[in-house]
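S.K.: no letters, just coordinates:
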């Protein structure tokens, strides 16, 4: 995992060894707006999976914003009840802002955890950016967490999460408005057009610190996995993930070639022409690609 | 601008025509955590620049999160006082989550606005992700906005914004704690090691709705621009921006090649091998790059 985070050149060998071992973990993405209790719910889910004696890895993707402050540390602390359990592996990884960074590291981290024999890998995205949602959306099963009393939750839901989730969970179900939010979500989900035989995402209620509803959540995860295996959806998701990963590795390799080893590389020289107004960025990009050929 | 947003193939011709025209606008990035009054401050800044009869473009980068809800619309509405001024152009653009999307569109939008004869182009990043900070950080002059009473502002500042700003503005200066926050920032900034002759970022106080302190901000922007022109820093920043842009255009072109035109492209076939465990992502990436050659 450290090799992945460091984008180490040694990853190449490691990945070659791991290639035949991956593919048996159930990768579950957990996403949702801040304040819905993602970490607490993840922690309760880990506890439930451990009761079934499954080995669980948690990969928490931090948005790595310079403005995010101390909240994330708090999230990590909430997971600490599992810190000494050898059947649980918890790792935070920063999402990378630079081109290709996010796409590069997360699927490789998932690959390592998968090949290491974990039965379930939970990817918890702390951020709410499109990047984080895409990471969670690339999982085998995607859980969208919401909570009542967040005002815009339902409106936000309308804005684009209705296609993302395989499972919707209204957390903090002991609060006012939980049933209403559940009903709203069900109504909205029923309006999404889905092909014949498609998975119909259930909407569950949980109260994470007490663990109420978590067993239902585990059952729903199992059910979705079984459906995805039978329907071919699982294979399609994994293809999509591998596609992103291969592309990101290839682009990273290309960027390294372009960066070169000299003080003043080809890309810098082209950028100079662009700043001077002698070349437009498309013509410059063409020249850069000619170098690759 | 619509061609940029649509990633239109016609951009190529447009950019070729615009190439000699760009380079005279002062590109100012405005960033900071949510709730500090970025839009109000930007609006007050636009008013001040208009009093000098400068033509101003505002490019607001939205994080395009499915969870971001209604706040962004509010931001846009706060700018509406300038909506009918022909010397002001305001455009919201979504930051793109997919690889290269953000890097691709923002510098090109800046190029179009610059070549269109605006004297100042303000890039306001609504989000707090690393991407958004990088966009603002690529400007000729970077303004970091903070506000008192946000608890973690100073802590957040410690976490990584001290290297980003050319100008720090404590907005909502009529609130308790503004002077203390200013003093904290000054102290922290004085601890950042900077080479001889480097720009020393000032820390200003503003109360954006009333416009207090905005003239000082305009003066500081002028001062930084003059310093950057004289020191070569402006040219280096613009080189960096062009470099990112050329690279993003080249990567986008490559991705289009890989996507191909057939139903089942090469990347899909390689992803299939990876999912099957017959190939690791590095070996697959190598094969993909062989195709390019």
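M.R.: Ah, there it is. This one's a predicted model, so the numbers in the text were calculated from it and none came from an experiment. Residues are numbered from 1 along each chain as shown, chains lettered A, B, ... in the order given.

S.K.: enumerate every residue touching residue A:172.
M.R.: Applying C-beta atoms under 8 Å, 6 or more residues apart in numbering or on different chains to residue A:172 gives the contacts A:36, A:37, A:147, A:148, A:149, A:178, A:207, A:208. The way it works is simple: take the backbone N, C-alpha and C, and place the C-beta from them, glycine included.

S.K.: quick check: which ranges of the stretch 1-150 of chain A have low pLDDT?
M.R.: A:62-79, A:95-103, A:126-133, A:135-137, A:150 (pLDDT under 70).

S.K.: for residue A:288, which non-adjacent residue is closest in space?
M.R.: Spatially, and ignoring its direct neighbours in sequence, residue A:288 is nearest to residue B:250 (4.7 Å; C-beta to C-beta, 6 or more residues apart in numbering or on different chains).

S.K.: check which helix or strand covers the one you found.
M.R.: Taking DSSP states H and E as the definition, residue B:250 sits inside helix B:233-259.

S.K.: which stretches of chain A form helices?
M.R.: Taking DSSP state H as the test, the helices found in chain A are A:2-5, A:11-18, A:38-51, A:71-78, A:101-115, A:130-137, A:153-158, A:178-191, A:214-231, A:233-259, A:266-275, A:281-292.

S.K.: against which helices or strands is the longest one packed?
M.R.: This means helix A:233-259. Counting contacts by 3 or more C-beta pairs under 8 Å, 6 or more residues apart in numbering or on different chains; DSSP states H and E, helix A:233-259 packs against helix A:101-115, helix A:214-231, helix A:266-275, helix A:281-292, helix B:233-259, helix B:266-275, helix B:281-292.

S.K.: among these, which is the most enclosed?
M.R.: Sort the helices and strands packed on helix A:233-259 by mean neighbour count, taking mean count of other C-beta atoms under 10 Å in any protein chain shown, and helix A:101-115 sits at the top with a mean of 24.

S.K.: what about that one, distance to the chain center?
M.R.: Chain-centre distance of helix A:101-115: 10 Å, with C-alpha atoms, centre = their mean, to the nearest Å.

S.K.: one more: stretch A:45-65?
M.R.: Centre-to-centre, stretch A:45-65 and its host chain are 12 Å apart (C-alpha atoms, centre = their mean).

S.K.: same deal with stretch A:185-203?
M.R.: Counting by C-alpha atoms, centre = their mean, stretch A:185-203 comes out at 22 Å from the chain centroid.

S.K.: also stretch A:225-234?
M.R.: 19 Å.

S.K.: got the contact list for that stretch?
M.R.: Contacts for stretch A:225-234 (C-beta under 8 Å, 6+ apart): A:26, A:140, A:141, A:197, A:199, A:237.

S.K.: could you rerun that using 6 Å?
M.R.: A:26, A:140, A:199 (C-beta atoms under 6 Å, 6 or more residues apart in numbering or on different chains).

S.K.: count of neighbours near the first one?
M.R.: Number of residues near residue A:26 (other C-beta atoms under 10 Å in any protein chain shown) recorded here: 23.

S.K.: excluding chain neighbours, what is closest to it?
M.R.: For residue A:26, the spatially nearest residue (C-beta to C-beta, 6+ apart) is residue A:120, at 5.0 Å.

S.K.: now do residue A:54
M.R.: Per C-beta to C-beta, 6+ apart, closest to residue A:54 is residue A:119, 4.0 Å.

S.K.: related to what we said a few turns ago, need the helices of chain A in TSV (columns: distance to residue B:13).
M.R.: Converted to TSV, the helices of chain A look like this (distance: least, C-beta to C-beta, whole Å):
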stretch	distance to residue B:13
helix A:2-5	42
helix A:11-18	41
helix A:38-51	47
helix A:71-78	46
helix A:101-115	30
helix A:130-137	30
helix A:153-158	38
helix A:178-191	42
helix A:214-231	45
helix A:233-259	25
helix A:266-275	16
helix A:281-292	9
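
S.K.: residue B:190: which of those helices is closest?
M.R.: Nearest to residue B:190 among the helices of chain A is helix A:71-78 (27.0 Å), distances taken as C-beta to C-beta.

S.K.: can you flag the buried ones in the contacts of residue A:172?
M.R.: Buried members of the contacts of residue A:172, scored by 16 or more other C-beta atoms under 10 Å in any protein chain shown, are A:36, A:37, A:147, A:148, A:178, A:207, A:208.

S.K.: residue contacts, residue A:142?
M.R.: A:29, A:136, A:164, A:165, A:166.

S.K.: out of those, which is nearest to residue A:173?
M.R.: Nearest member of those to residue A:173, counting by C-beta to C-beta, is residue A:165, at 16.9 Å.

S.K.: re earlier: distance to residue A:217 added to the contacts of stretch A:225-234, as JSON lines?
M.R.: Compiled in JSON lines, those are given as follows (distance: C-beta to C-beta, whole Å):
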{"residue": "A:26", "distance to residue A:217": "13"}
{"residue": "A:140", "distance to residue A:217": "15"}
{"residue": "A:199", "distance to residue A:217": "16"}
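
S.K.: show me which of the residues you listed is closest to chain B.
M.R.: Proximity to chain B was ranked across the contacts of stretch A:225-234 by C-beta to the nearest C-beta; first place goes to residue A:140, at 11.9 Å.

S.K.: just give the nearest non-adjacent residue to the closest one, would you?
M.R.: Distances taken as C-beta to C-beta, 6+ apart put residue A:27 closest to residue A:140, at 4.5 Å, once the chain neighbours are dropped.

S.K.: quick check: domain ranges of chain A?
M.R.: A:2-245, A:262-293 (automatic domain parsing).

S.K.: how about those, which one is nearest residue B:109?
M.R.: Checking the domains of chain A against residue B:109 by C-beta to C-beta gives domain A:262-293 as the closest, at 12.2 Å.

S.K.: ok, residue A:44 to residue A:208 distance?
M.R.: Note on residue A:44: its distance to residue A:208, by C-beta to C-beta, to the nearest Å, is 5 Å.

S.K.: and the helix holding residue B:250, how far out from the chain's middle?
M.R.: With C-alpha atoms, centre = their mean, you get 15 Å for helix B:233-259.

S.K.: give the contact list for residue A:220.
M.R.: Here residue A:220 is in contact with A:167, A:202 (C-beta under 6 Å, 6+ apart).

S.K.: how long is stretch A:192-204 end to end?
M.R.: Start and end residues of stretch A:192-204 are separated by 18 Å (C-alpha to C-alpha, to the nearest Å).

S.K.: which residues touch it?
M.R.: Stretch A:192-204 is contacted from outside by A:162, A:165-169, A:182, A:185-186, A:189, A:213, A:216-217, A:220, A:227, using C-beta under 6 Å, 6+ apart.

S.K.: most neighbours among those, which one?
M.R.: Neighbour max across the contacts of stretch A:192-204 (other C-beta under 10 Å) = residue A:169, 31 neighbours.

S.K.: bridged to that one, which residues?
M.R.: On the basis of DSSP bridges, residue A:169 is bridged to residue A:145, residue A:204.
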